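Enquirer: just need the structure, nothing else, for what follows:
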Amino acid sequence: MQKLNTTAVYILSILGFVLCCAGLGWIPALIGLVIANSGLKKYNAEPDLYENGKAMKSAKTVAIIALVISALIFIGYVFFILSFDGECDFWYWYIEQANNNPSVTEEQLAPVYDRMDQLGCM
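Expert: Sure, this is the predicted structure:
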């Protein structure tokens with residue numbers, strides 16, 4: 001009996017979870033889902049040849065969950081970026097958030113003020 005490549009799907013799904021914070025997790029999760037679907041097609045065509053069909057179904061479920069979470073975070077990032085009218089609005093928001101954090105010093109904000117000055121925001 002042959003085995004389906006569930007390890008690749010699990011690794012890509014976990015990578016999807018890790019990269020979802022950067023908004024890029026949907027890429028490996030989608031690749032994992034494609035691999036899982038391909039493996040399940042083979043399994044469904046000839047189930048007697050493969051011994052880990054249930055494991056591939058589980059791997060597909062993990063890939064779907066990683067894809068959904070990553071896609072939602074990516075969409076959230078897109079809406080966050082689109083919520084600003086321009087780059088200056090973002091920097092004003094950034095300064096406001098930094099001023100609400102007592103551990104942020106003026107020295108840490110100096111590059112931000114320089115960037116705002118370059119953009120003509122000040």
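
Enquirer: quick one: contacts for the most centrally placed residue in the chain?
Expert: Within the chain, the residue whose C-alpha comes closest to the C-alpha centroid is C20; the distance, by Cα atoms, centre = their mean, is 2.2 Å. Taking Cβ atoms under 8 Å, 6 or more residues apart in numbering as the contact definition, C20 lies against 26, 66, 69-70, 73-74. Just so you know, the C-beta spots here come from the backbone N, C-alpha and C atoms, and that holds for glycine as well.

Enquirer: now with 7 Å?
Expert: With Cβ atoms under 7 Å, 6 or more residues apart in numbering as the criterion, the residues that contact C20 are 69-70, 73.

Enquirer: now for Y10, how many residues are close by?
Expert: 18 (other Cβ atoms under 10 Å).

Enquirer: which SSE is the nearest residue in space to it that is not next to it in sequence in?
Expert: Nearest-residue entry for Y10: A59, 5.5 Å, with adjacent residues in sequence omitted and distances by Cβ to Cβ, 6 or more residues apart in numbering. Using DSSP states H and E, the secondary-structure element containing A59 is helix 53-82.

Enquirer: average pLDDT across that helix?
Expert: If you average the pLDDT over helix 53-82, you get 91.
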